[in-house]
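J.: Show me the folded form of this:
(one chain, ligands or ions: 2)
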Amino acid sequence: MVRSLKAFIFDLDGVITDTAEYHFLAWKALAEELGISFTREDNEQLKGVSRMDSLEKILELGSRTGDFSADEKQALAEKKNEHYLTLIQNITPDDLLPAIKELIADIKTSGLKLGLASASKNAFTVMESLGLKAEFDGIVDAKTVAHGKPHPEVFLRAAEMLGVEPEACISIEDAAAGIQAIKAAGMFAVAVGPKESFENADIVYASTAELSLEKIIEVYNG
Ligand SMILES: O=P(O)(O)OC[C@H]1O[C@@H](O)[C@H](O)[C@@H](O)[C@@H]1O
Ligand SMILES: [Mg+2]
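T.: Numbers count the residues shown, from 1 in each chain. Ligands and ions are numbered 1, 2, ... in the order given. Model prediction:
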């Protein structure tokens, strides 16, 4: 089936830049302060997941969900964010993951629209530091959506902002929750990461270095 491709929608953390690593380090610092063991493997479940839902998952890991009031949980999430903000303060346009700069340039040259669908409330700050804010036709972050990934809302809002139908979008994610959100939005899903984590993605690449516009469009067009 030949569909008419109109836009690419990117996830930010772990696709455009390696902030997924900074989220992990910030959560690990908070978990250590709480005496909770938190590994890279545990962190896989948190990718793409909102700040408060991530906190709940960490507290569950340490069987400490009932130990804190709602206000205390807010304060813990704020503390994690302070760790995160310290880690991202030196981000520059040199911090794009491999092949992302070229992919963005190819998408723009092809006349396709460019959107961002991020679960992070820090997305605008990071995009600004990367020098990408003005390059994108539409940016939707966690501040303006009611539901986090795997709910499709953030991807649907991005498509709406670009003025295109979901079926005309290819979206790229590094999180299982993100791929679920893309498929629930009725879009074509490109995953970056280990094949076994992304059963429902349309294409899986081991790393961003392998992303190629030509190849992705070939598979999209079937
Ligand atoms: O705390 P923030 O910046 O709003 O980010 C929320 C989530 O944003 C997602 O993009 C990350 O994959 C998650 O790891 C993170 O928890
Ligand atoms: Mg991500």
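J.: ok, which stretches of the chain are strands?
T.: 7-10, 113-117, 138-140, 169-173, 188-192, 203-205 (DSSP state E).
J.: Could you check the pLDDT of Arg3?
T.: The score at Arg3 is 73. That number is its pLDDT.
J.: and the nearest residue to it once chain neighbours are set aside, how many residues sit next to it?
T.: Across the structure, with Cβ to Cβ, 6 or more residues apart in numbering as the measure, the residue nearest Arg3 apart from its sequence neighbours is Glu167 (6.1 Å). All C-beta atoms are positioned from the backbone trio N, CA, C, and that covers glycine. By other Cβ atoms under 10 Å, the residues close to Glu167 number 14.
J.: quick one: Glu167 and Glu214, what's the gap?
T.: Glu167 sits 20 Å away from Glu214, taking Cβ to Cβ, to the nearest Å as the criterion.
J.: next one: Gly163
T.: In this structure, Gly163 and Glu214 are 25 Å apart, going by Cβ to Cβ.
J.: Neighbour count for these two, which is higher?
T.: Gly163 (11 against 8).
J.: Kindly state the domain boundaries assigned to the protein.
T.: When the chain is parsed into structural domains using automatic domain parsing, the resulting residue ranges are 7-17+92-221, 20-88.
J.: Export those to CSV and append columns for distance to ligand 1 and mean pLDDT.
T.: Below are the domains of the chain laid out as CSV (distance: least, Cβ to the nearest ligand atom, whole Å; pLDDT from 0 to 100):
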stretch, distance to ligand 1, mean pLDDT
domain 7-17+92-221, 3, 97
domain 20-88, 4, 97
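J.: From these, pick the one with the highest average neighbour count.
T.: For the domains of the chain, the stretch with the most neighbours on average is domain 7-17+92-221, a mean of 19; neighbours defined as mean count of other Cβ atoms under 10 Å.
J.: got the end-to-end distance for it?
T.: One end of domain 7-17+92-221 to the other measures 14 Å (Cα to Cα, to the nearest Å).
J.: so what's Phe24 up against?
T.: Arg40, Asn43, Leu46 (Cβ atoms under 8 Å, 6 or more residues apart in numbering).
J.: about what we covered before: now the strands of the chain in TSV, with distance to ligand 2?
T.: Conversion of those to TSV gives the following (distance: least, Cβ to the ion, whole Å):
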stretch	distance to ligand 2
strand 7-10	9
strand 113-117	10
strand 138-140	14
strand 169-173	6
strand 188-192	9
strand 203-205	14
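J.: With distance to Ser129 as extra columns, can I get the ones you listed in TSV?
T.: Converted to TSV, those look like this (distance: least, Cβ to Cβ, whole Å):
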stretch	distance to Ser129
strand 7-10	16
strand 113-117	14
strand 138-140	14
strand 169-173	20
strand 188-192	21
strand 203-205	25
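J.: Most remote residue from the middle of this protein, which is it?
T.: Within the chain, Asp67 marks the point farthest from the mean C-alpha position, 29.7 Å out by Cα atoms, centre = their mean.
J.: And that residue, how far from Leu34?
T.: Distance check for Asp67 against Leu34: by Cβ to Cβ, it reads 9 Å.
J.: Please enumerate the shared neighbours of those two.
T.: Leu59.
J.: What's the end-to-end length of stretch 155-169?
T.: End-to-end span of stretch 155-169 (Cα to Cα): 9 Å.
J.: Can you give the contact residues for it?
T.: Applying Cβ under 8 Å, 6+ apart, the external contacts of stretch 155-169 come out as 3-9, 113, 115-117, 137-140, 144-145, 171, 181-182, 185-188.
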